[in-house]
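Asks: compute the structure for the input listed below.
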Amino acid sequence: MRGWLKTNVITNLKKEKLNYIDFIEKKYLKDKFVFNVGDIVKIGYTIPEGEKERIQYYEGLIIAKKK
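Replies: Below you'll find the model as predicted:
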């Protein structure tokens, strides 16, 4: 294949994959998360350690809500 044709085909494949991923995300992910007082939440925080990364989880109870 010629250079420009090869790049065009690869670009189109990448776009198709991205569109498919966007479709799946829109179908299954919620736009807004609703948290209320009394809910227990678990939040993951990424901590870099040299070349590696680890996730530190924090869990807590929502005791108040503002606005």
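
Asks: strands of this protein, start to end?
Replies: If you assign secondary structure with DSSP state E, the strands in the chain sit at 40-49, 52-61.

Asks: quick one: strands adjacent to the last one?
Replies: Counting by DSSP bridges, the strands paired with strand 52-61 are strand 40-49 (antiparallel).

Asks: show the average pLDDT along the strand it pairs with.
Replies: Across strand 40-49, pLDDT averages out at 90.

Asks: can you list the weak-confidence ranges in this protein?
Replies: Applying pLDDT under 70 to the chain flags residues 1-18, 30-31.

Asks: change it to 90
Replies: In the predicted model of the chain, residues 1-36, 43, 45, 49-50, 65-67 satisfy pLDDT under 90.

Asks: what segments of it are helices?
Replies: 3-28 (DSSP state H).

Asks: roughly how far does Lys66 sit from Val37?
Replies: According to C-beta to C-beta, to the nearest Å, Lys66 stands 11 Å off from Val37. In this view, the C-beta of every residue, glycine as well, is placed from N, C-alpha and C.

Asks: ugh, typo on my part, it should be Ile21
Replies: Using C-beta to C-beta, we find Ile21 at a distance of 35 Å from Val37.
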